[in-house]
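Trainee: A structural model of the following input is requested.
(chains A and B)
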Amino acid sequence: MATKDYIRERFFPHIWCPGCGHGIIMNALLHAIEQIGLKKNDIVMVSGIGCSSRISGYLDFHTLHTIHGRALAFATGVKISRPELTLLVPMGDGDALSIGGNHFIHACRRNIDMTAIVMNNRVYGMTGGQYSPLSGYGTYATTAPYMNIDQDFDVVQLATASGATFVARSTTYHVHEMTAILKAAILHKGFSVVEVMSQCPTYFGRKNKEGSASDMMEKFRARTVPLGSKKKQEDPTLIERGIFVDKQMPEYCEEYQKIIGRAMKDK
Amino acid sequence: MGRQVKFVQGNEACVEGALYAGLGFFAGYPITPSTEIAELLSARLPQNKGIFMQMEDEIASICAIIGASLTGRKSMTATSGPGFSLMQEALGFAAMAEIPCVIVDMQRGGPSTGLPTKLSQGDVNQARWGTHGDHAIVAMTASNHQDIFSVTVDAFNFAEMYRTPVILLFDEVLAHMRERLEIPSPGELPLVERLKTGVPEGVDYHPYLPREDGRLPMSDFGGVHRYNVTGLFHDMWGFPTEDPKIVYGLMRHLVDKIEHHVDDLTRYREYFAEDAETLLISYGSAARSALHVVMNRRQRGERLGLLELQTLWPFPAALVRQKAEKARYVVVVEMNMGQVLQSVKAAVERPDRVSLANQVDGTLITPTSILNILRIIQGRGV
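Mentor: Residues are numbered from 1 along each chain as shown, chains lettered A, B, ... in the order given. Predicted coordinates:
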């Protein structure tokens, strides 16, 4: 199946700005799905609110576009009711880690089999460029005209500490790597978190004088290194990419089946 | 199988009703006085391949039941005031996206943390207007465990019939009081199952195109039809739109599908209402005291009657108007500052006849208190 067979052409053009990284992530995700050979009827995509969350409307899966920050909670109800379905949960950085932070850490801890994709453009785009918990100290935003003094989360460290059994990071510059990582994340049994660094030239780029979309992507190339690279030792400010965690732990839906077994025996 | 008789708390009567109705998924977060519902369902649901989840908070709980409902499971959550406040945004999502689900609010004293272990009926208007934006909603209550059981079954039936969230507004006294419950035999009470679409695979399915009777046949997530569900105003495919015609049509549909079926949605009981000179209107635990006064004074020849409302929303205005027609005094007995009072005043002719007999100190209003208030209203002194 070609990737175009996974989209709902009826609902295009999409709302994303020229140069936005989210379309690149959508493309990589569809390639990952195609390579795995998943059927459209077996995929449920659950999203929240924001630019990133509109991705669900454009894709020809069972799609649930929910409320701000709560996508993982809705997805949990779907997954445990129908464990045979593949759950994909794309979220923006504000959606996943600000308003949705509590659901994020608890979904990691529970290790329910789904793939959370944090489309991290470090800004609230839909509302016009306010700082997010991933913007970071020293950045500028429409709500930080003098400078942002909020420290940022490290998504990889947060997900790891919260118990996610697959944690990875990539960028919109590294499309083939991103596709391979998304593929591994979807195939992983358990809760997978993939952070994808994405560019918002309209707001983050403009406010922080990062230039055009391609300038921002060039920065992803220059400022990130593969996990375990020697360059990181020389320059600790570089951001590592790759698969940080990939381990097996009891998966929630499988464990609940055992609970049903126990309960039926006690009946 | 015959009828089973149990001596139970109201929380357990609600659990029995939900299981009888076919509950398949529950998600909740501990909160007094509803916690026993979660505890009981954590044991009972998996015995029949149902699913219980304790979530990280009440927001996650209601979101999870909406997700589970989309796969075809009958779903419920239970909470009390503070948790019910947290659920309001997702409740609006369920109303907008037309997802069947049941939300139990075992009311306690509020606002805020209020009186966790004491009763109140202060969430009646929150059930109606707690979520933002125009919408219609169904909210029901009961005054005894047999009726808690049957309105819980009704709640699941209405949720499926009208594709709507249904709120059960019980209270702390009902939750923790124990009394007899006779569980009907399987098949004794009618159950409404989900209306599934007959559109075959490969044919364009319109999840949000109502039939002529207003009902929307559903397709389960994971089934052969893939469609979009959103809290945005949406077209017949479920895709977001700002087209004024479609926006208006959806708003009209969401309100009319409930408001046009008030008679079907109305559950109530009446005691000596026909010839009552003084008509009490009450609901929930307060109706127990009101009923006691009515039975007691009837024996002494006083023309006192009771209309006990079980459906609070949509408000059965025509019923209330008709039952109150001949009464000289109409007295609303409730455990709040007059939340149903306002709807009664708006419903009846000569609203100056309508008074409030309330109590808001966390304890149940007694028959004596009601009688004292009646005497003053009737101009007879205590």
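
Trainee: whatever residue of the stretch 151-267 of chain A ends up closest to chain B and B:A43: what is the separation?
Mentor: Chain B sits closest to A:A263 of the stretch 151-267 of chain A, with a gap of 3.6 Å, by CB to the nearest CB. For the C-beta atoms, the positions are set from N, CA and C on the backbone; glycine is no exception. Taking CB to CB, to the nearest Å as the measure, A:A263 falls 7 Å from B:A43.

Trainee: more crowded one of those two?
Mentor: A:A263 (19 against 13; other CB atoms under 10 Å in any protein chain shown).

Trainee: need the helices for the chain, in chain order.
Mentor: Looking at chain A here, since you left the chain open. A:22-36, A:55-58, A:71-81, A:93-94, A:101-110, A:155-162, A:175-187, A:206-207, A:213-223, A:230-234, A:252-266 (DSSP state H).

Trainee: nope, chain B
Mentor: Under DSSP H, chain B gives helices at B:10-21, B:35-44, B:58-70, B:81-86, B:88-97, B:124-129, B:145-162, B:172-176, B:244-259, B:262-265, B:286-299, B:317-324, B:339-347, B:367-377.

Trainee: for those, which one ends up most surrounded?
Mentor: helix B:58-70 (a mean of 30; mean count of other CB atoms under 10 Å in any protein chain shown).

Trainee: that helix and chain A, are they touching?
Mentor: Yes: Helix B:58-70 lies within reach of chain A by CB under 8 Å from any CB of the partner chain, at B:I59, B:A60, B:S61, B:C63, B:A64, B:I65, B:I66, B:G67, B:A68, B:S69, B:L70.

Trainee: need the pLDDT of A:D266.
Mentor: Note on A:D266: pLDDT of 81.

Trainee: list the contacts for it?
Mentor: B:Q47 (CB atoms under 8 Å, 6 or more residues apart in numbering or on different chains).

Trainee: nearest spatial neighbour of A:S214, chain-adjacent residues omitted?
Mentor: Excluding its sequence neighbours, the residue lying closest to A:S214 (CB to CB, 6 or more residues apart in numbering or on different chains) is A:G19, at 7.9 Å.

Trainee: list the contacts of the one you found.
Mentor: A:Q199, A:P201, A:T202, A:G205, A:S212, A:A213, A:S214.

Trainee: swap the cut-off to 7 Å and go again
Mentor: The contact partners of A:G19, taken as CB atoms under 7 Å, 6 or more residues apart in numbering or on different chains, are A:Q199, A:P201, A:S212, A:A213.

Trainee: of those, which is the most crowded?
Mentor: Neighbour max across those (other CB under 10 Å) = A:Q199, 28 neighbours.

Trainee: not counting sequence-adjacent ones, nearest residue to the residue in chain A positioned nearest to chain B?
Mentor: Across chain A, the shortest distance to chain B (CB to the nearest CB) belongs to A:G77, at 2.8 Å. Excluding the flanking residues, the one nearest A:G77 by CB to CB, 6+ apart is B:G67, at 2.8 Å.

Trainee: A:L72 is in contact with the one you found, correct?
Mentor: No: applying CB atoms under 7 Å, one finds B:G67 not in contact with A:L72, separated by 9.9 Å.

Trainee: before we move on, back to that, the residue of chain A closest to chain B: how many residues sit nearby?
Mentor: 31.

Trainee: and what of A:S214?
Mentor: So A:S214, with other CB under 10 Å, has 12 neighbours.

Trainee: flag every residue of the stretch 51-200 of chain A that's near chain B.
Mentor: A:56-57, A:60-67, A:70, A:73-78, A:80-82, A:85, A:102-103, A:106 (CB under 7 Å from any CB of the partner chain).

Trainee: just the buried residues out of those, in PyMOL syntax.
Mentor: Applied in PyMOL, the following selects the buried portion of those according to 16 or more other CB atoms under 10 Å in any protein chain shown:
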select buried, chain A and resi 56+57+60+61+62+63+64+65+66+67+70+73+74+75+76+77+78+80+81+82+85+102+103+106
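
Trainee: what parts of the stretch 151-300 of chain B come near chain A?
Mentor: Checking the stretch 151-300 of chain B against chain A by CB under 7 Å from any CB, the hits are B:F221, B:G222, B:V224, B:R226, B:N228, B:V229, B:T230, B:G231, B:F239, B:P240.

Trainee: now with 10 Å?
Mentor: B:201, B:219-232, B:234, B:237-240 (CB under 10 Å from any CB of the partner chain).

Trainee: separate out the buried members of those.
Mentor: Counted by 16+ other CB under 10 Å, those give B:219-223, B:225-232, B:234, B:237-240 as buried.

Trainee: pLDDT score assigned to the residue nearest to A:S214?
Mentor: At A:G19, pLDDT is 98.

Trainee: measure it to A:M119 for me?
Mentor: 15 Å.

Trainee: next one: A:G77
Mentor: On the measure of CB to CB, A:G77 and A:M119 end up 22 Å apart.

Trainee: go on, A:V155?
Mentor: 11 Å.

Trainee: where do the contact lists of these two overlap?
Mentor: A:D93, A:A96, A:V194, A:E195, A:V196, A:M197 (CB atoms under 10 Å, 6 or more residues apart in numbering or on different chains).

Trainee: now render these as a markdown table, adding pLDDT and neighbour count.
Mentor: Converted to a markdown table, these look like this (pLDDT from 0 to 100; neighbours: other CB atoms under 10 Å in any protein chain shown):
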| residue | pLDDT | neighbour count |
| --- | --- | --- |
| A:D93 | 97 | 28 |
| A:A96 | 98 | 36 |
| A:V194 | 98 | 29 |
| A:E195 | 98 | 28 |
| A:V196 | 98 | 29 |
| A:M197 | 98 | 29 |
